[in-house]
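**Student:** For reference, the sequence and a predicted model appear below.
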Amino acid sequence: MPGTTTMHSAGSLGAQSNTAVVNGWIISETRHAAGFRTQKHAHERPSLNVVLSGLYSETVAGSTNDFAHGAIIAKPAGEPHANDFAKHGSRCLLIEEDMVRRDPRDTQAVLHSYWWSSTSRVAPHTARIIRELRMRDSCASASLEGVVRELFDQLGRRSSDAEASRVPAWVRRADAYLRDNHEPLTLRGVADEVGRDASHVGRVFRRVFGESVGEYARRIRLERSAVALATTRRIISVVAQDAGFFDHSHFVREFRRRFDMTPSVYRAMFADS
């Protein structure tokens, strides 16, 4: 009937694989084929969905958004929504809160409301979760629980809209400059770009982002390269140069430090299987 919401007890309406039940969470990889659409429905479990590849749209409360690689979508239990995978299909990482097995102290506040983000800052956590899902050794369960907790801790620190609105306009300009600039950077150059004293820029960046300007810029570039590795077939040395790393060994070293794996291993994890 029009307007009717179908309630589903758990899981995804697509194909699920590599499912693990870990101390309060049910974690799996999901796949929805191109051409698949759902009617309005809801799930009995709160969930977090991370898009690994492909593209799909989701309609909630009359508003429709498109989600591609790296998008994060949080839904509380009972949130009515409809999905359209018709053009591309998608592969995702699905993390559901196990309402029966969870410890009440571990209830995740980030799953209490519907929200989504296109941030790639959790890409290292996503990659490690996928790797542990596929390991299937005696340590995988403990490793999975640890990295899932880290992921939710990271998401729990995301800025609210009110907090974001208090970030000075020049910081947002500096952020845009760092994201658009692939050339070698200096703190003085960033400060000149936004018309501020270099020492002041350094202090405020540390307060707002918890990182120095250089650390922030390096992270952005590594995250940019991770998206390229997951979504294109460009050779790794070209991906490194496009992200502003002109020394291949330095790129591999920094990528491993950030993602706990080499660029080639990271790319292989996101290849269609």
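**Tutor:** Arrived safely, thanks for sending. Worth saying up front: this structure is predicted, and the values here are computed from it rather than measured.

**Student:** give me the number of residues near Cys139?
**Tutor:** 9 (other C-beta atoms under 10 Å). Any C-beta I mention is one placed from the backbone N, CA and C, and that applies to glycine too.

**Student:** where does the chain dip in pLDDT?
**Tutor:** 1-5, 7-11, 99-108, 120, 157-165, 272-273 (pLDDT under 70).

**Student:** where do the helices sit along the stretch 101-250 of the chain?
**Tutor:** 123-135, 140-156, 161-165, 169-180, 187-194, 198-209, 213-231, 236-242, 248-259 (DSSP state H, counting those that start in this stretch).

**Student:** Of all the ones you listed, which one comes closest to Thr19?
**Tutor:** Closest to Thr19 of the helices of the stretch 101-250 of the chain, according to C-beta to C-beta: helix 123-135, at 8.2 Å.

**Student:** Pull out the buried positions in that closest one.
**Tutor:** Buried residues in helix 123-135, counted by 16 or more other C-beta atoms under 10 Å: 123-133.

**Student:** Same question for stretch 135-152.
**Tutor:** For stretch 135-152, a neighbour-count test (16+ other C-beta under 10 Å) marks 140-141, 143-145, 147-149, 151-152 as buried.

**Student:** what's the closest of these to Ser249?
**Tutor:** Within these, distances to Ser249 taken as C-beta to C-beta reach their minimum at Val147, with 26.9 Å.

**Student:** Surely that closest one is in contact with Glu132?
**Tutor:** Yes: using C-beta atoms under 8 Å, Val147 is in contact with Glu132, at 6.6 Å.

**Student:** what about Val21, distance to Val148?
**Tutor:** 12 Å (C-beta to C-beta, to the nearest Å).

**Student:** Kindly point out which residues are neighbours of both of those two.
**Tutor:** Shared contacts of Val21 and Val148 (C-beta atoms under 8 Å, 6 or more residues apart in numbering): Ile27.

**Student:** which helices and strands does the strand ranked longest in the chain pack with?
**Tutor:** Using DSSP state E to define each element, the chain has its longest strand at strand 47-60. On a contact count with 3 or more C-beta pairs under 8 Å, 6 or more residues apart in numbering; DSSP states H and E, strand 47-60 meets strand 25-32, strand 63-68, strand 72-75, strand 82-84, strand 90-97, helix 123-135, helix 213-231.

**Student:** Show me what the residue nearest to Arg45 when sequence neighbours are not counted is bridged to.
**Tutor:** Once flanking residues are discounted, Arg45 sits nearest to Glu96: 4.3 Å by C-beta to C-beta, 6 or more residues apart in numbering. Note on Glu96: beta-bridge partners Ile26, Ser47, judged by DSSP bridges.

**Student:** can you tell me which residues contact Glu96?
**Tutor:** So Glu96 contacts 10-11, 25-27, 43, 45-48 (C-beta under 8 Å, 6+ apart).

**Student:** Near the residue lying closest to Ile95 once chain neighbours are set aside, how many other residues are there?
**Tutor:** Excluding its sequence neighbours, the residue lying closest to Ile95 (C-beta to C-beta, 6+ apart) is Leu48, at 4.5 Å. By other C-beta under 10 Å, the residues close to Leu48 number 23.
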